[in-house]
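> I would like to see how this sequence folds:
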Amino acid sequence: MDEGTFVGGVSIPQRSDDAYYFLDDARSDGYDFITTNLPYSSDETRTDVTLMESKHWSTSIVGMVTSPPLYRTSAETSSGTDNGEALVAALNVDGLRRQAKKDFTFMLQWASHMSIPAVILPPIPADNIFEYGRFLSTLITNTSNVQLWLRVNFDKESIQNFMMIQRMCDGASNLGCIVEFGQNFKLADQIGEGMSLLHQLIGCNLRALVFSTTVFLSNKRKCPTLAKSHQFLFVELLKRLGRTCRILVEGSPHHHITDNEAAMGRSRNKLYLQYLRHIRSKGEVKDVLDTEESKMETSYLDHLQSALQPLGDHLEFSTYEVFEKDPVKYEKYREAVELALLDKIQLKQLKVTSDAKSSVMHCVIMVVGAGRGPLVNASLMAVKNVNKKKSVVGGTTSNITIKPHVIAVEKNPSAVLFLNSLKNNHPDWNGTTSVAECDMRSAEEHPLLSAILKGDCAGKVDIVVSELLGSFGDNELSPECLDGVQRSGLMKESCISIPQSYTSYLAPVTSARLRLEAQTQAFMPLDGTESPAGGKVCGTLQAMETPYVVRAHAASQLHKELPCWEFSHPVKKENAKIEDAVKDIDNERRAQKIFKIDGSKGASFGSGYGNCNETLSTVTSKNIGMESSNLLHGFLGSFHCVLYKSKNSVSSDISIAPESFSTGMFSWFPLYFPLKEPLLVPPGSSVRANIWRKCDDKRVWYEWCADIISEDSQIINISNLHNPNGRSSFVRL
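Just a heads-up that it's a prediction; the model follows:
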């Protein structure tokens, strides 16, 4: 088990005032952090501040806001449990308000002074939401270096209250929630409701999960275990957020092994951690969190990147190297080329030369945007495989062999050097492959390609292979580039394009984290290549009108993705030559999609990246009528691509749309279209999205907007149009 993706902490009220000895005991039991009560006055004294170095405070301590004695009732004092409710109540009491604010503020200032990374805040009082929210919004600006975890019970009302506080605080980057799994959702028929709530929480900046020791049941050996419903929800949470979410065990021990006191550990709560780590080690969790793909993508989780400018950017050597490790994409391309070759043979569309001993079929394959040559390798392997199949076919075709001529077209000079090196040194390339350094849209200007144009038709291209797709299908100018190849006249009338078609999909998403990341781009762009303004401060307008490539993680897709539009290649036009079919082609598109948001949808689509979970779809199918409000933070764009569908209807496809996701493929992440302001989606309402793909002579860009429609078809909320006329973001032609 990779324990680096499971961070566990412990909180014991009776030991919360002295972090030094408590931390030592907790670490000996395998815990990563502990909680400690924050002091409310400089008059207090503590031994741990004089004994413990700052590195321990900044890495292994989480602060907890509790109620000073002035505000506690006798019942709270005797119970030993103090989550700070009395302090929050005092914020709304005349005569106590001023002192309560002073005490609360001192706690957070002290946490900031000690570099404590996170503080657990008291739960939200149902009768005092707005006063608490107003107070927190003033605190947040002064404690930006401390993560504030607001305690939230795992029920619909508490989650809705947190969403209100979060909205009042304008979705502050350091405000998240720590959710307590209580005694509810123990019955099997409540798991669906629990899963829907968990799905909603993940989009609300969920930072940590609390298990009270009272929640654990006892197995036959008197050791702690969770109810089946809790196990199910915890496993699903780990699969979704296991790499970033903290787990906290809270309370005095309720399980004792009388004949083995050492098993209890020095903290007396070791058994709970062992059990939770046991769940983390389950195969279904490890299959999600511990794969090479998972480890590779960890640094990309919720990390926004501007989409490529494909005709202006040159990829680096290491970037090509990473993409070439994709175990699925190039295998699918090889499969697609094989299917295309078999169709070409069956339809007798390849040039044949013969002598007394054998016949040879000649096939010209042009790889456009060849990079470092992975598609050339896939094409050559496809030819080898087809030739093997031919060798075992009886009759007159048994001696026919395909002889390929692969033309690798690439505009990146550094990548061309690599291609030429392969051509001269790789045995499979030598004698079969040519390299053309040019923009694929200006093929006639290259000597090799110009010669093909001037020769006879038999020397033109039989198959065009490209990997120009972006996260939204067409957002890296695949239509414009492939139309340019078609317009050049290099393609035979029977030429096949791989990919053959691709469809763009859109889905609504709630993710406080993604919205925060987009806002951050306005003032602190990540670097010169990944920010909308090339590393310069650009302001909120431009940052929030820019689509971003992102491995969505702390996000919740609210509905099944819906198709927007499709592009097919080569473009066909009745009674027109293949090169004339793309004259005056219109690549602008527009789509309007309506997403009915209800409790049965969303959870099965997870963060919007990865396979749709049909099991969760069944689990949540009974939730219609149990809906709660959601916040819409934007949309996730994805694609489904048919690389090639044969005459026998055998299809080779790749996809990042959840319903048809290509398992194991990691070359693309979704495209996030942010909304400048979140839109509240009340129960039973629908999200209507409008999106446009727009073009002019020099640019391609997207425009988008959203509105919320009530059950009686009334518009109850609407966004402005984002990125009109490409004012903030576009792709250069």
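> can you pull the contacts of Thr67?
Residue 67: Ser, not Thr. By C-beta atoms under 8 Å, 6 or more residues apart in numbering, the residues touching Ser67 are 76, 82, 84-87, 122. Every residue, glycine included, has its C-beta placed from N, CA and C.
> in the stretch 51-200 of the chain, which spans are helices?
54-60, 74-79, 85-90, 97-113, 129-140, 156-168, 191-202 (DSSP state H, counting those that start in this stretch).
> quick one: which of these is nearest Trp429?
The minimum distance between Trp429 and these falls on helix 191-202, with 47.5 Å, by C-beta to C-beta.
> can you give me the offset of that closest one from its chain's centre?
Mean C-alpha position of helix 191-202 versus that of the full chain (C-alpha atoms, centre = their mean, to the nearest Å) differs by 18 Å.
> Compute the inter-axis angle for that helix and helix 156-168.
Helix 191-202 runs at 10 degrees relative to helix 156-168, counting by axes from the mean of the first three to the mean of the last three C-alpha atoms, to 10 degrees.
> what does whichever helix or strand comes after helix 191-202 contact?
Next along the chain after helix 191-202, taking DSSP states H and E as the criterion, comes strand 206-212. By C-beta under 8 Å, 6+ apart, the residues outside strand 206-212 that reach it are 118, 147, 149, 151, 176-182, 226, 234, 237, 241, 245-251, 272, 276, 554.
> let's go with 7 Å and repeat that
Residues outside strand 206-212 that contact it (C-beta atoms under 7 Å, 6 or more residues apart in numbering): 147, 149, 176-181, 237, 241, 245-251.
> Narrow those residues to those in strands?
Under the assignment DSSP state E, the contacts of strand 206-212 contribute 147, 149, 176-181, 246-250 to strands.
> What is the lowest-pLDDT residue among those?
Among these, Phe181 has the lowest pLDDT, at 82.
> can you tell me which residues contact that one?
With C-beta under 7 Å, 6+ apart, Phe181 has these contacts: 154, 209-211, 215, 230.
> Show me which of those is closest to Ser685.
Using C-beta to C-beta, these come closest to Ser685 at Phe154, 24.2 Å.
> Buried deepest among the helices of the stretch 51-200 of the chain, which one?
helix 191-202 (a mean of 24; mean count of other C-beta atoms under 10 Å).
> For it, name the packing helices and strands.
Applying 3 or more C-beta pairs under 7 Å, 6 or more residues apart in numbering; DSSP states H and E, we find helix 191-202 packed against helix 156-168, helix 228-241, strand 556-557, helix 614-619.
> continuing past the last one, what's the next helix or strand?
Using DSSP H and E, the helix or strand that follows helix 614-619 in sequence is strand 630-645.
> For the helices of the stretch 51-200 of the chain, which has the smallest mean pLDDT value?
Mean pLDDT is lowest for helix 74-79 among the helices of the stretch 51-200 of the chain, at a mean of 54.
> quick revisit: save the contacts of Phe181 as a markdown table, and put in neighbour count too.
Formatted as a markdown table, the contacts of Phe181 follow (neighbours: other C-beta atoms under 10 Å):
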| residue | neighbour count |
| --- | --- |
| Phe154 | 21 |
| Leu209 | 23 |
| Val210 | 24 |
| Phe211 | 23 |
| Val215 | 22 |
| His230 | 24 |
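> In TSV: the contacts of Ser67, plus distance to Leu733.
Converted to TSV, the contacts of Ser67 look like this (distance: C-beta to C-beta, whole Å):
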residue	distance to Leu733
Glu76	67
Asp82	63
Gly84	58
Glu85	60
Ala86	64
Leu87	60
Pro122	55
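> closest one to Arg727 among the helices of the stretch 51-200 of the chain?
Evaluated with C-beta to C-beta, the helices of the stretch 51-200 of the chain place helix 156-168 nearest to Arg727, the distance being 27.4 Å.
> Which helix or strand contains the closest residue to Ser646 other than its chain neighbours?
In space, and not counting its chain neighbours, Ser646 is closest to Leu339: 4.3 Å by C-beta to C-beta, 6 or more residues apart in numbering. Assigned by DSSP H and E, Leu339 falls within helix 329-346.
> Next, the angle strand 630-645 makes with that helix.
Orientation check (the same axes, to 10 degrees): helix 329-346 against strand 630-645 gives 40 degrees.
> Run the chain-centre distance for the next helix or strand after helix 329-346.
Toward the C-terminus, helix 329-346 is succeeded by strand 351-354 as the next helix or strand (DSSP H and E). Strand 351-354 has its C-alpha centroid displaced from the chain centroid by 50 Å (C-alpha atoms, centre = their mean).
> Which positions within strand 351-354 qualify as buried?
Neighbour counts over strand 351-354 (16 or more other C-beta atoms under 10 Å) mark Lys351 as buried.
> and Lys222, how many residues sit next to it?
For Lys222, the count of nearby residues is 12 (other C-beta atoms under 10 Å).
> could you list every residue that touches it?
By C-beta under 7 Å, 6+ apart, the neighbours of Lys222 are 255, 257.
> pLDDT score for it?
Listed pLDDT for Lys222 reads 86.
> SS state for it?
coil (DSSP: H, G, I helix; E, B strand; the rest coil).
> Please report how far it lies from Asn260.
Going from Lys222 to Asn260 by C-beta to C-beta, to the nearest Å gives 10 Å.
> ditto for Gln200
Gln200 is 41 Å from Asn260, by C-beta to C-beta.
> Take the helices of the stretch 51-200 of the chain and lay them out in JSON lines including distance to Ser604.
Listed next are these as JSON lines, based on distance: least, C-beta to C-beta, whole Å:
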{"stretch": "helix 54-60", "distance to Ser604": "37"}
{"stretch": "helix 74-79", "distance to Ser604": "41"}
{"stretch": "helix 85-90", "distance to Ser604": "36"}
{"stretch": "helix 97-113", "distance to Ser604": "39"}
{"stretch": "helix 129-140", "distance to Ser604": "32"}
{"stretch": "helix 156-168", "distance to Ser604": "19"}
{"stretch": "helix 191-202", "distance to Ser604": "9"}
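> Compare the ones you listed and report which one is nearest to Glu545.
helix 156-168 (21.3 Å).
> list the helices and strands the closest one packs on?
Helix 156-168 packs on helix 129-140, strand 147-153, helix 191-202, going by 3+ C-beta pairs under 7 Å, 6+ apart.
> which stretches of the stretch 151-300 of the chain have low pLDDT?
Applying pLDDT under 70 to the stretch 151-300 of the chain flags residues 183-189, 258-259.
> 90 instead?
Across the stretch 151-300 of the chain, the ranges flagged by pLDDT under 90 are 155-156, 171, 173, 181-197, 220-222, 227-229, 254-264, 291-299.
> what sits against the spatially closest residue to His553 that is not a sequence neighbour?
Closest residue to His553 apart from its sequence neighbours, by C-beta to C-beta, 6+ apart: Leu301 at 4.0 Å. Leu301 makes contacts with 243-244, 551, 553, as judged by C-beta under 7 Å, 6+ apart.
> Now, the residues you listed that are in strands?
Those of those lying in strands (DSSP E): none at all.
> Among those, which pair sits farthest apart?
Thr244 and Arg551, at 12.0 Å, using C-beta to C-beta across the contacts of Leu301.
> The two: who's more crowded?
Arg551 (22 against 17).
> okay, that one: pLDDT?
Arg551 carries a pLDDT value of 96.
> Could you measure from it over to Ser511?
12 Å.
> thinking again about what came up before, farthest pair in the ones in strands among the contacts of strand 206-212?
Spatially, the most separated pair among the ones in strands among the contacts of strand 206-212 is Gln147 and Phe181, at 20.4 Å (C-beta to C-beta).
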